[in-house]
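In: got a predicted structure here, sequence first:
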Amino acid sequence: MFKFWSACCCGLLLLLACSVSHGAARADILDLAASDAIRVQPGDVRFWVQPESTEISDPRQLPTEGWSGLQKTAINVGKSATPVWFRFTVENRSDKALQRTLEIRWINLGVLDLFVMGQDEANVRKVASGLNTPRTDASDNNTSWLFSLSLAPGEQQQIYLRAGSRFNIFLPMYIWQQDALDQHQQQRYVWYGLAFGVLIALMLFNLSLYVFTRDHSYLYYCFYALSIMVYECGLTGVGDYLLWGHTQWLRLNGFALSIYVSFFAAALFMRHFLELKHYGGWMLHCNTFFILYWACSALVLLVGNDFLVRINELCALLSCVVALATSIVLWIKGNVSARYFTIAWGGLITLTMMAVLMMEGALPYSMITENGQLIGFVAEMLLLSFALAERINRERSQRELAQTRALDLQLLMNREREEKLQAQEAMLQLQQQTNEALEERVVERTQELERTMTNLEIANRELAKLSVTDPLTKVHNRRYFDATLSREIERSTRTGQPLSLVLVDIDHFKQFNDRYGHLVGDDCLRLVAATLKEVASRSTDLVARYGGEEFAIVLPDTAAAEAYSVAERVRNQISELKFIFKGERIPISASLGVVGQTLQPGAKADDLIEAADKALYEAKNRGRNCSVAASSLAS
C-alpha cells in the first residue's frame, strides 16, 4: 500500500514540475497561419469578472482597465456568480484568407457568447451559445463548442468570450484548420467508443451473472457502471451531442444529476460488495449517510432547487476519502474483496485528482490529464468485475469444502451405525450364552435367573420394536406389513368386514435423488411418511414402508370408496407439502393404487397386493399425481 501511494505521489510531483516549465510567457497575438492546430494558452488570454450590478451585452462597453492575466497552465477562473469576459487577439500573417474553427472543449457552460471585433471596432459579430441557448440556436452540434473564424490576409481580430456556469468556468480552447479538427475529433470519438464499449460489455456481462446467480452485488455493479457512463456522457459532451441535447432541462441539469446518481450508485455497490452490514459500526453508518445524502441531492435537483450544490464538492471529497478508508480497514481485517476495491478506488481517486489539478491549472492540459478520470473508471470497473468473478470462484470452493465435510460426516455416521449393529449382534450372542448358562445353573442361581430374565424381557421388547420399524421413516417396515396384512385378511374373511389396501409411490423420486442428493431424498421420505400417518390415523390403520420410495396403507373395516377418499386426501396433502431446500420450494407428488374388497375364505395377501400394484401402475400411466381404484380397472 505504501509503495502504491508513493508511486502516485511521485507521478503527481513529476507532472506538476512539467506544468511549471509549461507555463512560460507567450505572445499576446496568435498567428493563425503558423499552424493547423493551435492551443490557446493562459498567457494569451486576459479576463474580467462582470460586476453583479452591471449588464453588458457588447464588448465595446467593456472597460479598458482591470483585466487580469492567468498564472496557471489552464484557463480556469473557478466559480463565479456573474459572467466572466475573456479576450485574446488573433492575426492572419499570411497572404491568403484563412478559415479556422475555435473549439472550446468544456460543454458544461450555461452561457457562452462569442464576439468577434475588427481593428476598427466598427462591426462586432456575435454568436450566442451555451447550455441556456436552445439546441436549434446553438453555434454547432458537437461534443465541444465550435465557432467559425474568417480572417483576410493581414487581418487582425479581437476575440471576446462571455462565459457563465454553475460549475467552474473552464475554457480549454483550440483553434483548428477544419481537416485537422475532423481528424482530431475522429480520434477522440474512437477513444470514447472504446471506453464506453468496454463499460457496456462489463455491465452486460455482470447483468447476465445477476440473472443466473441472483446475487444483488452484480445488479448494483450494473447500476454503478450505468451511472458512470451517464456521468462521462455529461462530462465529455457526448450526452448533450447524442442523448439529451433536445431536452432543455437535461441540458442544464443532466451533468449535475449524473454526479449525484453516480455517487449514490457507488455507495450502494460498496455496501453490498464489501458486506458492510456484516461489520456494522462507523463504516456502515457513514455509508448509510452518504447513500441518503446523494439520494436527497438528486431529489432536490429533480424538484428544481439545487441548493445543496454549495456543499456537494466537500461531500464528494468526503465520500471518496471515507470509502477509501473503509476499504483499507476491511482489507486489514482480511476481507478479500476490500483488497480489490482499495486498489480500484485508489487508482480512480489518483487519476481524478490529476484531472482536477489539470482543470485548476496546477497540471498541464494533455490527453492523459484530460481523459484520466475516464481511464480510471474503465480500469476500476475491469478490476471490480474481476473481483466479482474471483468471489464466485471463492464461494464455489467454500461450497465444495462444505460438501466434502458433509460427506465425511455421513461416512462417520455410517461407521457408527455399523458399530451399533455389531453391538446388537454381540448382545444377541451374549443373550444366547446367558440362556445356556442359566439352563446349566437353574437350580443354584434361581434368583439370579429371575433378574436376568427380567432384563432380557426388556431387551427383547426393544428389539422386537426395532425389528418391525423402518429406521429411516419411523413407520413400520415391510416385515411387519406382511404379518399385519395376513392377519387382517384372516379377520376379514372371518367377520365379513371389507379390507382395503393403498400403495403409494413418490413420483420421479430417482430424478429427485439425482438432482438434490440422497440426504435431501431421505428428508423427503420422512416428510411423506409423516403425512401418511396424519391421514391414516385410526388405531387400526397401518402405515408401512413397502420398499424404496413406496409406502403401503392397510385400512381394516374400510370399503373401496372410503379407501379411495383416503387415498385422495393423502395425494392432496403430499402435493401441498412445503418442502424447502436452499430457499426454494420443491414440488412433491405421488401416485396411488387403491383396492378394497370383502374377502372370501382362501384369499391371499399376494392377490390383494397385486391388484393394488396394477392400480398404481395405471396411475403412473395416467401421468402420475393421481389415485386409481382397482375396481375401475376391472370395469
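Out: Structure received.
In: what residues of stretch 105-118 count as buried?
Out: Within stretch 105-118, the residues that qualify as buried are 105-117, counting by 16 or more other Cβ atoms under 10 Å. C-betas here are computed from N, CA, C, even on glycine.
In: same question, stretch 596-613
Out: Gly596, Gln597, Leu599, Ala603, Ala605, Leu608, Ile609, Ala611, Ala612, Asp613.
In: the residues you listed: which two are farthest apart?
Out: Maximum pairwise distance among the buried residues of stretch 596-613 (Cβ to Cβ): 17.2 Å, between Leu599 and Asp613.
In: and the buried residues of stretch 596-613, which of them are in helices?
Out: Among these, the residues falling in helices (DSSP state H) are Ala605, Leu608, Ile609, Ala611, Ala612, Asp613.
In: just want the phi and psi numbers for the residue lying closest to the third one once chain neighbours are set aside.
Out: Meaning Ile609. In space, Ile609 comes closest to Leu501 once its chain neighbours are excluded; the distance is 6.9 Å by Cβ to Cβ, 6 or more residues apart in numbering. The phi/psi pair for Leu501 (degrees, to the nearest 10) reads phi -140, psi 130.
In: now the two most distant members of the buried residues of stretch 105-118.
Out: Asn108 and Met117 (26.7 Å).
In: pick the one among the ones in helices among the buried residues of stretch 596-613 closest to Val211.
Out: Of all those, Val211 sits closest to Asp613, with 45.5 Å by Cβ to Cβ.
In: residues contacting that closest one?
Out: Leu503, Gly593 (Cβ atoms under 8 Å, 6 or more residues apart in numbering).
In: rewinding a little: which of the ones in helices among the buried residues of stretch 596-613 sits closest to Thr495?
Out: When those are compared against Thr495 (criterion: Cβ to Cβ), the nearest one is Leu608, at 16.3 Å.
In: so what's Gln156 bridging to?
Out: Counting by DSSP bridges, Gln156 is bridged to Glu91.
In: spatially central residue in the protein, please.
Out: Central residue of the chain (Cα atoms, centre = their mean): Tyr218, 2.2 Å from the mean position.
In: thought that residue was touching Leu388?
Out: Yes - when contacts are counted by Cβ atoms under 8 Å, Tyr218 is listed as touching Leu388 (6.4 Å).
In: joint contacts of these two?
Out: What both Tyr218 and Leu388 touch, as defined by Cβ under 8 Å, 6+ apart, is the set Asn206, Leu209.
In: spit out the contact partners of the closest residue to Trp106 other than its chain neighbours.
Out: Leaving out its chain neighbours, the residue that sits closest to Trp106 by Cβ to Cβ, 6+ apart is Phe170, at 4.8 Å. If you count contacts by Cβ under 8 Å, 6+ apart, Phe170 has them with Ala74, Ile75, Asn76, Trp106, Met359.
In: out of the residues you listed, who's the most crowded?
Out: Among the contacts of Phe170, the one with the most neighbours (other Cβ atoms under 10 Å) is Ile75, at 26 neighbours.
In: count the neighbours of the closest residue to that residue other than its chain neighbours for me.
Out: Of all residues beyond its chain neighbours, the one nearest Ile75 is Leu171 (4.4 Å), with distances taken as Cβ to Cβ, 6+ apart. The number of residues packed near Leu171 is 24, by other Cβ under 10 Å.
In: go on, Val504?
Out: Neighbours of Val504 using other Cβ under 10 Å come to 29.
In: over to the one 3 residues further on?
Out: Residues lying near Asp507 (other Cβ under 10 Å) number 20.
In: report pLDDT for it.
Out: pLDDT, Asp507: 93.
In: now Leu525
Out: pLDDT recorded at Leu525 is 93.
In: so the residue lying closest to it once chain neighbours are set aside, which state does it fall into?
Out: If the residues on either side of it in the chain are set aside, Leu525 comes closest to Thr473, at 5.4 Å by Cβ to Cβ, 6+ apart. Here Thr473 is recorded as coil under DSSP: H, G, I helix; E, B strand; the rest coil.
In: Thr473 touches Arg526, doesn't it?
Out: Yes - counting by Cβ under 8 Å, Thr473 does reach Arg526; the two are 5.6 Å apart.
In: of the two, who's got more company?
Out: A count of neighbours by other Cβ under 10 Å puts Thr473 above the other of Thr473 and Arg526, at 21 against 14.
In: show me what contacts that one?
Out: By Cβ under 8 Å, 6+ apart, the contact list for Thr473 reads Leu525, Arg526, Val528, Ala529, Arg545.
In: state the pLDDT value of it.
Out: 91.
In: the residue nearest to Trp106 and Ser208: what is the separation?
Out: As judged by Cβ to Cβ, to the nearest Å, Phe170 and Ser208 stand 39 Å apart.
In: in this structure Ala603 contacts Thr493, no?
Out: Yes - counting by Cβ under 8 Å, Ala603 does reach Thr493; the two are 6.1 Å apart.
In: so what sits against both of these two?
Out: Counting by Cβ under 8 Å, 6+ apart, Ala603 and Thr493 have no common neighbour.
In: number of nearby residues for the closest residue to His246 other than its chain neighbours?
Out: Spatial nearest neighbour of His246, chain neighbours left out: Arg135 (5.4 Å); criterion: Cβ to Cβ, 6+ apart. Using other Cβ under 10 Å, Arg135 has 15 neighbouring residues.
In: can you pull the contacts of Arg135?
Out: Counting by Cβ under 8 Å, 6+ apart, Arg135 makes contact with Asn141, Gly245, His246, Gln248, Arg251.
In: which of the residues you listed fall in helices?
Out: Counted as lying in helices by DSSP H, out of the contacts of Arg135, are Gln248, Arg251.
In: turn the buried ones among the contacts of Arg135 into a named PyMOL selection, would you?
Out: Applied in PyMOL, the following selects the buried portion of the contacts of Arg135 according to 16+ other Cβ under 10 Å:
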select buried, resi 245+251
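In: nearest to Ala559, of the contacts of Arg135?
Out: His246 (80.8 Å).
In: phi and psi next, for that closest one.
Out: Dihedral angles of His246 (phi, psi; degrees, to the nearest 10) stand at phi -100, psi 10.
In: measure it to Tyr210 for me?
Out: His246 is 33 Å from Tyr210, by Cβ to Cβ.
In: which strands and helices lie in contact with the helix ranked longest in the chain?
Out: Secondary structure of the chain per DSSP H: the longest helix is helix 372-440. Helices and strands touching helix 372-440, by 3 or more Cβ pairs under 8 Å, 6 or more residues apart in numbering; DSSP states H and E, are helix 178-213, helix 216-236, helix 248-273, helix 336-360, helix 446-467.
In: and if we set it to 6 Å?
Out: Judged by 3 or more Cβ pairs under 6 Å, 6 or more residues apart in numbering; DSSP states H and E, helix 372-440 is in contact with helix 178-213, helix 216-236, helix 336-360.
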